[in-house]
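**Student:** Let's see this in three dimensions:
(chains A and B)
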Protein chains: 2
Amino acid sequence: MTTRDGCRYQKSGSFSKGLPCSAVIHPPGNIPGSLSDSFDVIVIGAGYAGLTATRDLCNLGYKVLLLEARDRIGGRTYTANVEGHLYEMGGTWVHWGQPHVYHEMHRYGQTRLLNSNDEEIGCQSFTACIDGATTSMSHHEEESIVGKAFEAFCNVDGRSGRRIIPYPHDPHHNPDVRYWETVSAAQRLDQVKHLLDDVQVATLQAFIAAISGNTMENTGFFDILRWWALCGYNVSGLYEYTETYKLAAGQSQFARCFFDEALATRNLRFSFRTPVTAIHDLGDRVTVFGASGQRWMAQRLVCTVPLNVLPQVKFSPAMPPVKAAACREGNVNLGAKVHLEVDGSDLRSWVAAIWPATHIFSCRGDGLTPGGNTHLVSFGANHGLASPQENARQVISELKTIQHMDVHQVVWHNWLEDPFSRGFWCMFPPDYSFRYLYALRERHGNVFFASGDWAYGWRGFIDGAIEEGSRAAKDVADCLGARPSGAGDAGVASSCL
Amino acid sequence: MTTRDGCRYQKSGSFSKGLPCSAVIHPPGNIPGSLSDSFDVIVIGAGYAGLTATRDLCNLGYKVLLLEARDRIGGRTYTANVEGHLYEMGGTWVHWGQPHVYHEMHRYGQTRLLNSNDEEIGCQSFTACIDGATTSMSHHEEESIVGKAFEAFCNVDGRSGRRIIPYPHDPHHNPDVRYWETVSAAQRLDQVKHLLDDVQVATLQAFIAAISGNTMENTGFFDILRWWALCGYNVSGLYEYTETYKLAAGQSQFARCFFDEALATRNLRFSFRTPVTAIHDLGDRVTVFGASGQRWMAQRLVCTVPLNVLPQVKFSPAMPPVKAAACREGNVNLGAKVHLEVDGSDLRSWVAAIWPATHIFSCRGDGLTPGGNTHLVSFGANHGLASPQENARQVISELKTIQHMDVHQVVWHNWLEDPFSRGFWCMFPPDYSFRYLYALRERHGNVFFASGDWAYGWRGFIDGAIEEGSRAAKDVADCLGARPSGAGDAGVASSCL
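**Tutor:** Predicted coordinates for the structure are as follows:
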């Protein structure tokens, strides 16, 4: 199957849209033409939050309708299989210390992992390209530079952040964190840069740009500090949790486990390629309107539409002002992820940081293709004005200025221009989380909101999306009360207003 | 409610059995007198493995019978509420990096944690009692001693164990670990003790004795290395994951969330104070026999009986020889956990290691009682020959030789003499895991085995028990196939032999 999503640019100059992907659902719907039913629950969005909520609610016996704008499951996470090699186009890395995703990986027997940072093969070097000048060194030196830089950056309390964020899954726990939440990454760098040398400062900025997909000024320092805390307050954790372990079978296979389990209950109706335009909560039920004039009804709704896309959906009654404001300010991660296939295995263990950069801030070997070439993954800025072909050529040319490479192809997805994401994994600007996080999580009448964009723990990660889907399913089930299980003595009556 | 479990010894000399505990289920059963039904599934044991399996299967619509020998839920984990203070009598500490337990904590909103190692109050000192001589130092010095000792002990590959156990939840992954799995903790200590000073060696042995509940000779080095790997391959992780964070509401409240959710489905029948003596698998169904001559039938059985108790249950057909041998060798953790309430708050942040010791190897402040006294928790050896009263007096007297304290009361549970546990959290002897782990996990006809004692990841922890309960429920549901959900179009037919 081929999804409409994603792009591929080949050495020959040929460019194509759409990528082979096992996450495509075909046929795209299973709603009978004669359907006039009302559902127990409608779930909007088939990313991990929506898939988890759908699976849990189907398992509990509720009749669920899953609506998805794309032709595939997975949301901002999907796997392209290009010439027998798996490219993760969005969310990729997982870790056994991420509770929600690992719980599910174990449940589905999807625990076989590949190590992106395998250093057995190839040049084993780190290139820092600073102000156009290139220096190469060992990964040991890299870890020392990155370690010193992040340690200085995140050590806000003499305890590497442990006092300020003692519970990484409850990031607002210590009220003293409020100050740090108002500070930008740029402001925090100003406080500590006298402790660091030029290479450390430049590498830090390159890696933070790769993490946040925006400028240091627009990046909330709090989000960098949260990542640090979640990763165990040290730099090896930062590498290990956020860019080391990926699913051997690919994210799309994993996502299918959720979908297939839900389908096997026979409680699931679904419709892909079905964008939603409006949600009307009538008090006793919710009506959802599709872009092609369709209309569906349910008792409750789980909305997993990403933060930056929520303003496109018309809510009636209107969202509370604070939630609406939260959606307007939104996720500042406008970054790009670009895969390259380059000749030979020499760059398998290569890592680069580039600062300042026009297109690419970080690049690293991520695997070998079946033909023995190196798969490089890079993170950078989006340049929406140029054509995709031109962008690909610019990325290649920029990387070639710092490292010789023969590029066979470039594979990527423009998450910023994608109308169903309008941004990448969620990063908050300064002074946002304390003002808006709780509002984003709140239900609005019969509408429950679930997204990795406002998870408590691994916000912006697959883990956070599953956290949220699990929460929404539990909340909806607790509200609906009567579990339509044939085996029980009777439905358990309860109400939840 | 008061459980029959646990003991209390007061300063006055008074001794009592049984402790106030919210995990007691009353009335102890809800099986109608006229019951002649066959169940879909019988679950034996209401510890976390059994509770998780029961909850999942009830949610899926199966008719479940839960049988438990004790008067309470929680198995080797329960919370005694003594004079308004919560004592965790068995399994206690959890961490957000333990995927299965944290996933459930989040789902039930039970994420509020207390920090056992809070160092704000009291003496903030570490006492090492070595060969009867006592030295006091700071926690910073303690961490340095323990860090150096464990780092030397666990650094089997020049990479702190990362190469030998690259995936802590898949501990057999690297075949090179096989050698380390055959080695005892004593043999490993012989290899590294020239790198350590006397205080480091003694402290290491005291802490390993507290971890394993047995001698260095009978403790598999592999299990210590597994803990180390699971904790992030460093000593701060070892503290943080295994003895720092406990549930503010107590484990018994958490366990009730599982039980109450299962009960709310109306698919649950249960019978407490109901030991099981025999399991007969008749091919098309399983019959379970109770100690009072009762008999129940189900299509499938989930057996969560702990490793050291399994030999007491008569299986027909008999267990395969390798599983039977695994049960005979069993869990070597014969350790004891003893709580003390001592006068004042001075010892709140006190930690001690004692080597060699008769009764207690480690002791630490764990909280303050409502009256402002210190709650100390200690780990040591069981001495089944003396009376409980005599044991309590000996523990007090041993601790008093190293630190002045005025003991108000001692609260504990003898897990070794408990006929339903016959040991504490699971630790394997040398040369056991490669021979038996897979056999312990295998189903035997219609009987599925689930216990934290043979989890892949956090074996011996609450997390491992939930991992196993979740696996068993999924396996049983995949086998039974037809989900009796009233809302589905029809049961999904499938078979699993």
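
**Student:** Run through the stretch 1-150 of chain A and note the low-pLDDT ranges.
**Tutor:** In the predicted model, the stretch 1-150 of chain A carries pLDDT under 70 at residues A:33-37.

**Student:** ok, which stretches of it are helices?
**Tutor:** According to DSSP state H, counting those that start in this stretch, the stretch 1-150 of chain A carries its helices in the segments A:48-59, A:99-107, A:139-154.

**Student:** now swap in the stretch 251-400 of chain A and tell me
**Tutor:** According to DSSP H, counting those that start in this stretch, the helices that the stretch 251-400 of chain A contains are A:251-264, A:321-329, A:388-402.

**Student:** Would you mind listing the buried residues in stretch A:293-306?
**Tutor:** Buried residues in stretch A:293-306, counted by 16 or more other CB atoms under 10 Å in any protein chain shown: A:296-306. Heads up, the C-betas are built off the backbone N, CA and C, glycines and all.

**Student:** Just send those back as a markdown table, with distance to chain B too.
**Tutor:** Formatted as a markdown table, the buried residues of stretch A:293-306 follow (distance: CB to the nearest CB, whole Å):
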| residue | distance to chain B |
| --- | --- |
| A:Trp296 | 17 |
| A:Met297 | 16 |
| A:Ala298 | 13 |
| A:Gln299 | 13 |
| A:Arg300 | 14 |
| A:Leu301 | 18 |
| A:Val302 | 15 |
| A:Cys303 | 20 |
| A:Thr304 | 17 |
| A:Val305 | 22 |
| A:Pro306 | 21 |
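
**Student:** Please tell me how far A:His175 sits from chain B.
**Tutor:** Let me fix one detail, which is that residue A:175 is Pro and not His. Distance of A:Pro175 to chain B, given as CB to the nearest CB, to the nearest Å: 16 Å.

**Student:** Same check on A:Val309?
**Tutor:** Distance of A:Val309 to chain B, computed by CB to the nearest CB: 25 Å.

**Student:** residues near that residue, how many?
**Tutor:** Close neighbours of A:Val309, defined as other CB atoms under 10 Å in any protein chain shown, add up to 22.

**Student:** ok, now the one 10 residues further on?
**Tutor:** A:Met319 has 22 neighbouring residues, counting by other CB under 10 Å.

**Student:** swap in A:Gly6?
**Tutor:** Neighbours of A:Gly6 (other CB under 10 Å): 24.

**Student:** how far is the helix ranked longest in chain A from where the chain is centred?
**Tutor:** As assigned by DSSP state H, the longest helix anywhere in chain A is helix A:462-480. How far helix A:462-480 lies from its chain's middle: 17 Å, per CA atoms, centre = their mean, to the nearest Å.

**Student:** Which strands and helices lie in contact with it?
**Tutor:** strand A:39-44, helix A:48-59, helix A:99-107, strand A:295-303, strand A:447-449, helix B:99-107 (3 or more CB pairs under 8 Å, 6 or more residues apart in numbering or on different chains; DSSP states H and E).

**Student:** close to chain A, is the last one?
**Tutor:** Meaning helix B:99-107. Yes. Helix B:99-107 reaches chain A (CB under 8 Å from any CB of the partner chain) through B:99-103, B:106-107.

**Student:** what packs against that helix?
**Tutor:** Checking 3+ CB pairs under 8 Å, 6+ apart, helix B:99-107 ends up next to helix A:99-107, helix A:462-480, helix B:251-264, helix B:462-480.

**Student:** Please apply the same query to the fifth one.
**Tutor:** Based on contacts counted as 3+ CB pairs under 8 Å, 6+ apart, the elements that strand A:447-449 packs against are strand A:295-303, helix A:462-480.

**Student:** can you list the residues that contact it?
**Tutor:** Defining contact as CB atoms under 8 Å, 6 or more residues apart in numbering or on different chains, one finds that strand A:447-449 is touched by A:279, A:281, A:286, A:300-304, A:315, A:440-443, A:472, A:475-476.

**Student:** if we go to 10 Å?
**Tutor:** Outside strand A:447-449, the residues that touch it by CB atoms under 10 Å, 6 or more residues apart in numbering or on different chains are A:41-44, A:49, A:53, A:279, A:281, A:286, A:288, A:300-305, A:307, A:310, A:315, A:319, A:323, A:439-443, A:468, A:471-473, A:475-476, A:479.

**Student:** surely A:Phe428 meets A:Ala185?
**Tutor:** No. Using CB atoms under 10 Å, A:Phe428 is not in contact with A:Ala185; the gap is 11.3 Å.

**Student:** between these two, what contacts are shared?
**Tutor:** In contact with both A:Phe428 and A:Ala185: A:212, A:218-220, A:222-223, using CB under 10 Å, 6+ apart.

**Student:** Save the residues you listed as CSV, and put in secondary structure and neighbour count too.
**Tutor:** Output for the shared contacts of A:Phe428 and A:Ala185, formatted as CSV (DSSP: H, G, I helix; E, B strand; the rest coil; neighbours: other CB atoms under 10 Å in any protein chain shown):
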residue, secondary structure, neighbour count
A:Ser212, helix, 28
A:Asn218, coil, 18
A:Thr219, coil, 25
A:Gly220, strand, 25
A:Phe222, helix, 30
A:Asp223, helix, 26
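
**Student:** now, the most widely separated pair of the residues you listed?
**Tutor:** Greatest spacing in the shared contacts of A:Phe428 and A:Ala185, by CB to CB: A:Asn218 and A:Phe222 (12.9 Å).

**Student:** who touches both of the two?
**Tutor:** In contact with both A:Asn218 and A:Phe222: A:184-185, A:427-430, using CB under 10 Å, 6+ apart.

**Student:** Grab the nearest non-local neighbour of A:Glu68.
**Tutor:** Spatially, and ignoring its direct neighbours in sequence, A:Glu68 is nearest to A:Ala46 (3.9 Å; CB to CB, 6 or more residues apart in numbering or on different chains).

**Student:** rewinding a little: any chance of the residues of helix B:99-107 next to chain A in JSON lines with neighbour count as columns?
**Tutor:** Formatted as JSON lines, the residues of helix B:99-107 next to chain A follow (neighbours: other CB atoms under 10 Å in any protein chain shown):
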{"residue": "B:Pro99", "neighbour count": "28"}
{"residue": "B:His100", "neighbour count": "29"}
{"residue": "B:Val101", "neighbour count": "27"}
{"residue": "B:Tyr102", "neighbour count": "26"}
{"residue": "B:His103", "neighbour count": "27"}
{"residue": "B:His106", "neighbour count": "22"}
{"residue": "B:Arg107", "neighbour count": "20"}
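
**Student:** per-residue confidence for whatever residue of the stretch 251-400 of chain A ends up closest to chain B?
**Tutor:** Nearest residue of the stretch 251-400 of chain A to chain B: A:Arg266, at 3.7 Å (CB to the nearest CB). pLDDT for A:Arg266: 95.

**Student:** my guess is it meets A:Cys58, correct?
**Tutor:** Yes. Applying CB under 10 Å, one finds A:Arg266 in contact with A:Cys58, separated by 8.4 Å.

**Student:** Please identify the buried residues of the host helix or strand of A:Gln191?
**Tutor:** Using DSSP states H and E, A:Gln191 sits within helix A:185-192. Of all the residues in helix A:185-192, those buried under the rule 16+ other CB under 10 Å are A:185-186, A:188-189, A:192.

**Student:** Which strands or helices does it pack on?
**Tutor:** helix A:139-154, helix A:198-212, helix A:221-230 (3 or more CB pairs under 10 Å, 6 or more residues apart in numbering or on different chains; DSSP states H and E).

**Student:** which helices and strands does the last one pack with?
**Tutor:** So that's helix A:221-230. Under the contact criterion of 3+ CB pairs under 10 Å, 6+ apart, helix A:221-230 touches helix A:139-154, helix A:177-182, helix A:185-192, helix A:198-212, helix A:235-243, helix A:433-441.
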